[in-house]
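> have a look at this prediction, sequence included:
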Amino acid sequence: MSQRVVVIAHRGASGYAPEHTLVSYFTAIAQGADYIEPDLVMTRDGVLVARHENEIGGTTDVAGRGEFAGRRTTKIIDGVSITGWFTEDFLLEELKTLRARERIPQLRPANTRLDGRLEIPTLEEILALVRGVEEQRRVRARELGLPAPEPIGVYPETKHPSHFTGLGLPMEERLVQTLERHGYRGADGRAFLQSFETGNLQVLSRLTQLPLVQLIEAAGAPYDLVQSGDPRTYADLLTPRGLEGIADYAACIGPAKSLVIPRDGEGRLGKPTSLVADCHAAGLEVHPWTFRAEKEFLPAGVDLEGELRAFLAVGIDGFFTDQPDVGVRARDAFTIGSAERIAK
Ligand code: G3P
Ligand code: CA
C-alpha cells in the first residue's frame, strides 16, 4: 500500500496550533505531512465536524457562552460519566459560533495566541482546504515546469460510533459519501479510515474500498465489544488469530506506541515487542501513535527525533505525530540512511 513510511499529522500540526482547526491542518500540510488526521463527531443535524471528543468544554469557548449554559449536562459516553457540552446537542450553525481553544495551554502556551479566533471545521471544509492547496500546488508546479505534486492524504477517525448510532446519527455512510464526493475512493484513494471500535470498521469495509485502520489501546477493549457482551479485549485482537480477524476487514493497525516499544522502569525505551513483525506476517501495516516533542511525553534520554529513529528501526509503516515537521525530518533521514546502507 504505502511506498514509504507515512507521516500522519495528529489532529493537524497540533504542536503548533489548537488541534482540529483549519490552521492546524494547513500548518501540517505546509510542513510536509503525508496525511492530516481529523477526529470526527456529529452535530444534532447530522454534520461531521472535527473534534477529538463529542464533549467540547475543553477545546472551545462554550463554557463562557451564556446562551449555551442550559446545554451543559451529564451523559454516559462509552461507559464513562462525562459532564459538559456535547456536539450532538448543537446544530451546525450554533457550533459555528463557538471558537477553538488550546487543549493543553500549560504545555503549549504559544498555541493560545490563536484561542478565540478559529472555528470548529466540518469535514467538508477540511477536504475543501486540501483540494484548494493541491490546486495551488498544481498551478505552481505547472508554472515552474515541475512534476505534478504529491496529493495530500486524509486519515479521518470516527469517534464514539456506537454512541452516535444510538442517537440515530450513524457516521459511516455520511463519511464515505463525503469522501467520495471529494474523490477519495479505492484502495489507493489517499485516505485511511480509523476507529477504536470494530463493528463500524466492518460496516465501513462493506461500504468502501478505502483502507481501514483498527486502532488499538494499550489496555481495555473496544467499546462496541463491551456493549455487546463480547469478552475480547484489545490484547486478544493482537494474538495471531486476532490479527487474522482484523486483516479480514482492515489494512492496518494503529496501536498505542508502547505496544511496539514499551518503556522500562526508568522511562527509557525498552526492548521492542514482536508486534510489527506479527502484523506484517498477517498482511497488516502498523501506524503507532502518538509522537510528541514536549518532554512530558518523551521517553527518558531521547528527543522526538531519537524516539522516532528507534521506532523506524523496528519497521513501522507510518506514525502519528503532533509535530509533523520533526516527523518528516526523522522519516527522511531514516529513508536516506536506509538507501545508503543498501547501496554499500
Ligand atoms: O487515532 C489514533 C490516534 O489519534 C490516537 O488516538 O485519542 O488521539 O484520537 P486519539
Ligand atoms: Ca485520532
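Perfect, I can see it now. If you're wondering where the values come from, they're calculated on a predicted model, not measured in any experiment. Ligands and ions are numbered 1, 2, ... in the order given.
> contacts only, for residue 277.
Shown in contact with residue 277 (CB atoms under 8 Å, 6 or more residues apart in numbering): residue 315. All C-beta spots, glycine's among them, are computed from the backbone N, C-alpha and C.
> how close does it get to residue 243?
11 Å (CB to CB, to the nearest Å).
> next one: residue 313
22 Å.
> around ligand 1, pick out the residues from this protein.
10, 39, 52, 157, 194, 215, 254, 289, 290, 320 (CB under 6 Å from any ligand atom).
> quick one: which of these is most hemmed in?
For those, the largest number of neighbours (other CB atoms under 10 Å) sits with residue 10, at 29 neighbours.
> does it really touch residue 326, like I thought?
No - contact criterion CB atoms under 8 Å: residue 10 and residue 326 do not qualify, at 12.0 Å.
> tell me the confidence at residue 337?
Note on residue 337: pLDDT of 84.
> likewise for residue 1?
Value for residue 1, per-residue pLDDT: 52.
> please apply the same query to residue 13.
Here, the pLDDT recorded for residue 13 equals 98.
> OK, contacts around it?
Neighbouring residues of residue 13 by CB under 8 Å, 6+ apart: 24, 25, 27, 28, 31, 33, 322, 323, 324, 325.
> closest one of those to residue 106?
residue 322 (15.1 Å; CB to CB).
> can you pull the contacts of the closest one?
10, 11, 13, 14, 15, 290, 291, 292, 293.
> which pair of these spans the longest distance?
Pairwise distances across the contacts of residue 322 peak at 14.2 Å for 11 and 293 (criterion: CB to CB).
> more crowded one of these two?
Between residue 11 and residue 293, counting by other CB under 10 Å, residue 11 is the more crowded of the two (27 against 17).
> so what's that one closest to, chain neighbours aside?
Leaving aside its sequence neighbours, residue 11 sits nearest to residue 19 (CB to CB, 6 or more residues apart in numbering; 3.6 Å).
> same deal with residue 182?
Spatially, and ignoring its direct neighbours in sequence, residue 182 is nearest to residue 127 (4.3 Å; CB to CB, 6+ apart).
> would you confirm that that neighbour contacts residue 180?
No - if you go by CB under 8 Å, residue 127 and residue 180 don't touch, sitting 10.8 Å apart.
> hmm, back to that, and the residue nearest to residue 182, how many neighbours?
Count around residue 127 with other CB under 10 Å applied: 21.
> surely it forms part of a helix?
Yes - counting by DSSP: H, G, I helix; E, B strand; the rest coil, residue 127 is part of a helix.
> gap between it and residue 178?
Taken as CB to CB, the span from residue 127 to residue 178 is 7 Å.
> now swap in residue 229 and tell me
Here the criterion is CB to CB. By it, residue 229 lies 33 Å from residue 178.
> out of those two, which sits in the more crowded spot?
residue 178 (19 against 6).
> tell me the phi and psi of the closest residue to that one other than its chain neighbours?
Leaving aside its sequence neighbours, residue 178 sits nearest to residue 123 (CB to CB, 6+ apart; 5.4 Å). Per-residue torsions, residue 123: phi -60, psi -40 (degrees, to the nearest 10).
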